[in-house]
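**Student:** take a look and give me a structure for this.
(2 chains)
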Amino acid sequence: MASSRRRFCIALLSSAAAALVVLCVAPLIGSTSIDYSRALAGLSPDNEILFYTRLPRVLLALLAGGALGVAGVLFQAMLRDALATPYTLGVSSGASLGAVAAICLGWREVGHLPAIWLAAFAGAAVVLFLVMGVATEGRRMSSFTLLLAGVSINTICLAAILFLQYIATFGQTFAIVRWLMGGIDAVDYSTLAWFAAAILPVVGLVFLRARDWNLMAVGEDWAAAHGVSVSRLMLSGYILGSFLAGSVTALAGPIGFVGLIVPHALRLKLGADHRLLLPCSFFTGAAFLATCDTVARTVLAPTEIPVGVVTALLGGPFFIWLLRSKRRSLWL
Amino acid sequence: MSALYSLTDVGMRYNTAPVLDAVTLSFDAAQLVAIIGPNGAGKSTLLGIMAGLRPGHTGRCEYRGIEPEHWPRRAFARKVAFIPQSLRVEFPFTAEQVVLMGRTPHCDGLFESPADLEAVESALAITGTLPFRHRDFRSLSGGERQLVILASAIAQQPETLLLDEPTTFLDLRHQVAIYRLLRDLSRQGMLVVAVTHDLNLAAAFADRIVVLDAGRVAADAAPSQVLAPERILEVFGVASELHRGPEGRPWIVYGQ
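**Tutor:** So this is what the prediction gives:
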């Protein structure tokens, strides 16, 4: 058992190290080259570029990527399906619909917070309750109905977004399209702090139940027969997962495929134990999205491509490959 | 000593169709009980009710005087282990990780204690699953999987073990290996209740056979008293001949 504990530590430390390396290196890459000694000495423009443009953006990408990785693992354990993500369940499209509605209505700020974020969050929450309401049969939630409800709500939200886009003005349409592609922008540190304060405790809460998620990933009856309170665990998973997905969508737009690629690749390498999979997905998801974002802002510099385009171009083919290999394994 | 399970007038309906009707049974420790009956007789439903996994029954099903649904879940899982008919695992858990899951009701922290690991080690040894402990559960043969699941239940250290068709689809060697293990467990004091379709395995190993037919108990006694050609014709609609095997246990030849 000592060897398995060592393996556990190595995997955890190396994924954390990957995130740390990206945190240190990614801010150096960009259209203007900067270095740390000049920036830390307060020399202009290195100081401003590092602390006001690149570092907040890398931090946001790290947090968002980590949250998406954990949300992916969570939804996959709940539905026992490697293809389940916040996307599949309609949560991301609910958030998108909220944001698009806010753009069309011309809302800018509610209180001190940008209206798009609040609307995206509200959209995710509404979908959450709709899907849960449809999928709850008596006291139990059925995974199959949950997925079906998610797919239907996804379709409805996408139709509503198309409708809003159709009736919107030209300027609004541009803003909608830009937002839907997903993008990470430099945000101020107070926003980052709020985001971190929302994401990190939720990730911690999910990790505390990692053992129960192992059983849930095998089966609901299996979990129940081992003393896990299934409906309560499912409820907590759905709320926490939607919270993660909703917060990320609110800040960075709908970014796909992180929650799909990262958990799947880690499962191939590390196995399915959620006590390892959850923290490693957080760090690896963080490193992955921050790397994609660095590519997005440098590959066609000075023009930036939305990070959602980069993750989709990497993730789409991967998704198809996954579908095919899944089908093969079913035939075996 | 009072019975572990006492079922009084247990009934269950799916929509309006009755699946179980007026089932009254009791089970003591240190028995290997086989539940047999045709498809749709309510065997799996009965086992599900006993495991506390199928809510909504009528009558009383009590484990140590308390309905499974009213037991604190973890406390119940320390007493009663349940092995489902099939376990389709979607993710790459190793055999050992599946066995480790059996320790969940005993283990408070995020990680297993040395005592947990010891229980897993001994469960792997008893079931002969040590050689493939590190293999992906999904890559194992049906027989190997069933042994791993049984190891998981043994690691759970319950006083009662419920199994839904533990040997369906298994080769002869694994069928016999599983029933030998179940018999050994019952001799060490465990109550083992297994739903099965194999009358001859039940006859060879069980202490007691319960026959369910259309949701009712058609017979409940020792194998030699239960397995008579007239009853098999009545319940399963199949003609058969009765022979005697070792220890005077019945041996059925069907389809003549």
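
**Student:** quick check: closest non-adjacent residue to B:I49.
**Tutor:** Sequence neighbours aside, B:H57 is the residue nearest to B:I49 in space, at 5.0 Å (criterion: Cβ to Cβ, 6 or more residues apart in numbering or on different chains). Backbone N, C-alpha and C define where each C-beta goes, glycine included.

**Student:** tell me how many other residues crowd the one you found.
**Tutor:** By other Cβ atoms under 10 Å in any protein chain shown, 22 other residues sit near B:H57.

**Student:** what do you get for A:P302?
**Tutor:** 9.

**Student:** and A:S190, by the same measure?
**Tutor:** Residues near A:S190, counting by other Cβ under 10 Å: 9.

**Student:** how about B:R216?
**Tutor:** B:R216: 16 neighbours (other Cβ under 10 Å).

**Student:** give me the neighbour count for the residue nearest to it when sequence neighbours are not counted.
**Tutor:** Leaving aside its sequence neighbours, B:R216 sits nearest to B:D21 (Cβ to Cβ, 6+ apart; 5.4 Å). Other residues near B:D21 come to 17 when the count uses other Cβ under 10 Å.

**Student:** so where is the stretch 101-250 of chain B shaky, pLDDT-wise?
**Tutor:** Residues of the stretch 101-250 of chain B meeting the criterion pLDDT under 70: none.

**Student:** spell out which parts of it neighbour chain A.
**Tutor:** B:101-102, B:104-105, B:107, B:110-111, B:117, B:156 (Cβ under 8 Å from any Cβ of the partner chain).

**Student:** the same query, at a cut-off of 10 Å, please.
**Tutor:** B:101-112, B:114, B:117, B:120-121, B:134, B:136-139, B:149, B:152-153, B:156, B:162, B:164 (Cβ under 10 Å from any Cβ of the partner chain).

**Student:** can you show me the strands along chain B?
**Tutor:** B:5-14, B:17-27, B:31-36, B:58-63, B:80-83, B:160-164, B:191-195, B:208-213, B:216-221, B:240-244, B:250-254 (DSSP state E).

**Student:** dump these to CSV, plus distance to A:A122.
**Tutor:** As requested, the strands of chain B are exported to CSV (distance: least, Cβ to Cβ, whole Å):
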stretch, distance to A:A122
strand B:5-14, 40
strand B:17-27, 44
strand B:31-36, 52
strand B:58-63, 44
strand B:80-83, 42
strand B:160-164, 45
strand B:191-195, 49
strand B:208-213, 53
strand B:216-221, 55
strand B:240-244, 67
strand B:250-254, 65
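
**Student:** pLDDT-wise, which helix or strand of chain A ranks last?
**Tutor:** When each helix and strand of chain A is scored by mean pLDDT, DSSP states H and E, strand A:140-141 comes last, with a mean of 55.

**Student:** by contact count, what packs against the helix or strand that it is followed by?
**Tutor:** Once strand A:140-141 ends, the next helix or strand along the chain (criterion: DSSP states H and E) is helix A:143-167. Using 3 or more Cβ pairs under 10 Å, 6 or more residues apart in numbering or on different chains; DSSP states H and E, the elements in contact with helix A:143-167 are helix A:55-79, helix A:91-105, helix A:115-135, strand A:136-137, helix A:170-180, helix A:230-252.

**Student:** for these, which one sits closest to B:Q97?
**Tutor:** For the helices and strands packed on helix A:143-167, the distance to B:Q97 is smallest for helix A:55-79, at 13.9 Å, taking Cβ to Cβ.

**Student:** pull the number of nearby residues for the closest residue to chain B within the stretch 201-332 of chain A.
**Tutor:** Closest to chain B within the stretch 201-332 of chain A is A:G227: 3.3 Å, counting by Cβ to the nearest Cβ. Neighbour count of A:G227, defined by other Cβ under 10 Å: 20.

**Student:** what does B:N200 give?
**Tutor:** Residue crowding around B:N200 was assessed by other Cβ under 10 Å; the count is 19.

**Student:** repeat that for B:R78.
**Tutor:** 19.

**Student:** which phi and psi does A:L300 have?
**Tutor:** Dihedral angles of A:L300 (phi, psi; degrees, to the nearest 10) stand at phi -120, psi 30.

**Student:** A:P45 too?
**Tutor:** Here A:P45 shows phi and psi, under degrees, to the nearest 10, equal to phi -90, psi 0.

**Student:** looking at it, it is touching A:S33, isn't it?
**Tutor:** No. Judged on Cβ atoms under 10 Å, A:P45 makes no contact with A:S33 at a distance of 11.2 Å.

**Student:** closest residue of the stretch 1-150 of chain A to chain B?
**Tutor:** Residue of the stretch 1-150 of chain A nearest chain B, by Cβ to the nearest Cβ: A:R80 (4.7 Å).

**Student:** what's the closest non-adjacent residue to A:Y87?
**Tutor:** A:G256 (5.7 Å).

**Student:** now A:A115
**Tutor:** Nearest to A:A115 is A:W107, by Cβ to Cβ, 6+ apart, at 3.5 Å.

**Student:** dump the residue contacts of that neighbour.
**Tutor:** Neighbour list for A:W107: A:101, A:114-116, A:118-119 [criterion: Cβ atoms under 10 Å, 6 or more residues apart in numbering or on different chains].

**Student:** before we move on, back to that, what about A:P45 and A:S33, which has more around it?
**Tutor:** Using other Cβ under 10 Å as the criterion, A:P45 and A:S33 rank with A:P45 on top: 13 against 9.

**Student:** could you report the pLDDT at that one?
**Tutor:** Here the pLDDT value assigned to A:P45 is 85.

**Student:** from B:L130, how far out is it?
**Tutor:** From A:P45 over to B:L130 the distance is 64 Å, taken as Cβ to Cβ, to the nearest Å.

**Student:** nearest residue to the residue nearest the centre of chain A in space, please, no chain neighbours.
**Tutor:** Chain A has A:L68 as the residue nearest its centroid, 2.1 Å off, counting by Cα atoms, centre = their mean. Among residues not flanking A:L68 along the chain, A:V258 sits closest, at 4.0 Å (Cβ to Cβ, 6+ apart).

**Student:** so who does that neighbour touch?
**Tutor:** A:64-69, A:71-72, A:85-86, A:248, A:281, A:284-286, A:288-289, A:292, A:307-308, A:311, A:314-315.

**Student:** what's the pLDDT at A:E137?
**Tutor:** Reported pLDDT for A:E137: 61.

**Student:** now A:R211
**Tutor:** Value for A:R211, per-residue pLDDT: 94.

**Student:** spit out the contact partners of it.
**Tutor:** By Cβ under 10 Å, 6+ apart, the neighbours of A:R211 are A:226, A:228, A:273-275, B:100-101, B:103-104, B:107-112.

**Student:** looking at these, which are in helices?
**Tutor:** Within those, residues falling in helices by DSSP state H are A:274-275, B:100-101.

**Student:** by neighbours, which of these wins?
**Tutor:** A:H274 (25 neighbours).

**Student:** roughly how far apart are that residue and B:L212?
**Tutor:** 39 Å.

**Student:** cool, and A:A18?
**Tutor:** 57 Å.

**Student:** which one of those two is surrounded by more residues?
**Tutor:** B:L212 (25 against 18).

**Student:** quick check: nearest residue in space to that one, chain neighbours excluded?
**Tutor:** Take B:L212 and drop its neighbours on the chain: the residue closest to it by Cβ to Cβ, 6+ apart is B:G37, 3.7 Å away.

**Student:** could you do A:A41 as well?
**Tutor:** A:N47 (7.8 Å).

**Student:** the residue nearest to A:G241 when sequence neighbours are not counted: what's it in contact with?
**Tutor:** Of all residues not flanking A:G241 in the chain, A:L74 sits nearest, at 4.4 Å (Cβ to Cβ, 6+ apart). If a contact means Cβ under 10 Å, 6+ apart, then A:L74 has A:84-86, A:202-203, A:206, A:209, A:213, A:216, A:236-238, A:240-242, A:244-245, A:259, A:263, A:274, A:278, A:281 as its contacts.
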